[in-house]
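Colleague: What shape does this take:
(one chain, ligands or ions: 2)
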Amino acid sequence: MTVLGIIGGSGLYEIAGLQNAEWRSVETPFGAPSDALFTGTLDGLQLVFLPRHGRGHVHTPSSVPYKANICALKQLGVTDIVSLSATGSFREDMPPGDFVMVDQFIDRTFAREKSFFGPGCVAHVSVAHPTCKRLSAMVSDAARQSGANVHDGGTYLAMEGPQFSTLAESRLYREVWNCDVIGMTNMPEAKLAREAEICYAPVAMVTDFDCWHPDHDAVEVADIVRTLMGNADRARSTVVHLAKGLAAQRDVCPCGCDRALETALITAPEARDPEFVKKLQPIAGRVLN
Ligand SMILES: CSC[C@H]1O[C@H](OP(=O)(O)O)[C@H](O)[C@@H]1O
Ligand SMILES: Nc1ncnc2[nH]cnc12
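Modeller: Ligands and ions are numbered 1, 2, ... in the order given. Now for the predicted structure:
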């Protein structure tokens with residue numbers, strides 16, 4: 001069965017229109033998620049919403065409990081995640097207001113735990129293709145139906161933050177590394193979703209041109225928030241259109257996201273730490289038992 005998870009970024013702290021809606025507190029072996037999770041149904045589809053920074057925006061990009069967030073979504077049965085994020089743009093043809101269906105990342109974050117696995121149970125999943133093509137295509141259609149100008153494909157530079165980039169960094173990411181958008185949160189979120197075998201489709205909602213742009217000397221939160229308000233309405237409408245198109249009956253993912261752990265475990269069964277294996281149950285119970 002499909003359970004759609006929505007991770008709401010800056011400016012997206014709630015979602016309206018769900019039937020049988022309730023906020024549910026969830027504990028995980030990896031601690032508490034950013035906030036309670038808002039569950040309900042939309043057009044017959046089960047949906048779980050989580051505000052990435054918590055209601056009121058209390059978490060910094062570095063303090064977001066990424067592992068607990070993904071684990072909580074998994075515990076509520078989420079099969080597909082749409083991740084909505086505010087981003088800066090490195091491209092003149094991806095101006096504020098546009099949506100970019102990100103399909104690649106460069107991960108420059110350094111102060112975050114990036115794997116559920118560790119000593120006592122080691123696993124290596126592939127993130128060569130870190131997003132789900134099938135889900136991204138559906139989100140892209142839904143975003144177009146909501147009136148957004150959508151770009152299919154793009155590389156997201158994940159920076160640690162919370163400060164915005166220096167001009168030299170912005171130029172490096174744009175001119176040398178050919179990145180399309182920049183943000184602070186999609187890593188390690190995407191890597192953890194893959195480890196949890198959940199399909200992941202990130203939507204970068206452009207809010208600014210970062211500091212490389214001659215007309216935008218510095219990035220300012222007030223400008224971002226203003227653009228976010230327009231983006232947020234289209235993001236909510238995208239979710240509504242997506243819920244109409246996603247079948248409740250779920251087939252095997254053609255990209256293999258839902259089987260990512262099948263070839264990933266390397267620790268010999270007899271060498272695994274039983275306590276740690278217990279902790280990993282919600283994420284990897286399917287392949288560990
Ligand atoms: C408010 S601007 C900077 C902030 O916005 C983005 O957050 P999110 O990805 O959750 O929408 C960016 O990554 C920064 O955390
Ligand atoms: N220019 C920017 N850099 C990093 N994160 C962002 N989020 C929104 N705009 C951003």
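
Colleague: now do the same end-to-end measure for stretch 180-198.
Modeller: This stretch, stretch 180-198, spans 25 Å end to end (C-alpha to C-alpha, to the nearest Å).

Colleague: ok, which stretches of this structure are strands?
Modeller: Assigned by DSSP state E, the chain shows strands spanning 3-8, 19-24, 37-42, 45-51, 80-89, 99-101, 104-107, 150-152, 155-158, 181-183, 199-208.

Colleague: do you know which of those lies nearest ligand 2?
Modeller: Among those, the nearest to ligand 2 by C-beta to the nearest ligand atom is strand 80-89 (2.3 Å). Glycine gets a C-beta too; all of them are placed from N, C-alpha and C.

Colleague: Show me what the closest one pairs with in its sheet, parallel or antiparallel.
Modeller: strand 3-8 (parallel), strand 181-183 (antiparallel), strand 199-208 (parallel) (DSSP bridges).

Colleague: what mean pLDDT would you report for that strand?
Modeller: Regarding strand 80-89, the rounded mean pLDDT is 97.

Colleague: Run a quick neighbour tally on the closest residue in space to Gly9 that isn't next to it in sequence.
Modeller: Once flanking residues are discounted, Gly9 sits nearest to Ser85: 4.1 Å by C-beta to C-beta, 6 or more residues apart in numbering. Counted by other C-beta atoms under 10 Å, the residues lying close to Ser85 total 28.

Colleague: how about the residues of the stretch 51-200 of the chain that lie near ligand 2?
Modeller: 86-88, 159, 164, 182-184 (C-beta under 6 Å from any ligand atom).

Colleague: just to revisit the earlier point, so what's the residue nearest to Gly9 bridging to?
Modeller: On the basis of DSSP bridges, Ser85 is bridged to Ala204.

Colleague: Would you check that it makes contact with Met205?
Modeller: Yes - between Ser85 and Met205 there is a contact under C-beta atoms under 8 Å: 6.6 Å.

Colleague: shared neighbours of the two, anything?
Modeller: Counting by C-beta atoms under 8 Å, 6 or more residues apart in numbering, the contacts common to Ser85 and Met205 are Gly9.

Colleague: Name the residues of the protein found near ligand 1, please.
Modeller: Residues of the chain lying close to ligand 1 (C-beta under 6 Å from any ligand atom) are 9-10, 52-53, 61, 85-86, 161, 183-185, 221, 224.

Colleague: could you redo the last one with a cut-off of 8 Å?
Modeller: 8-12, 52-53, 57, 60-61, 64, 84-87, 161-162, 164, 183-186, 205, 207, 219, 221, 224-225, 228 (C-beta under 8 Å from any ligand atom).

Colleague: Double-check Asn231 against Gly97; I have them as touching.
Modeller: Yes - the pair Asn231 / Gly97 is scored as a contact, 6.7 Å apart, by C-beta under 8 Å.

Colleague: These two: which has the busier surroundings?
Modeller: Set Asn231 next to Gly97 and count neighbours by other C-beta under 10 Å: Asn231 wins out with 27 against 14.
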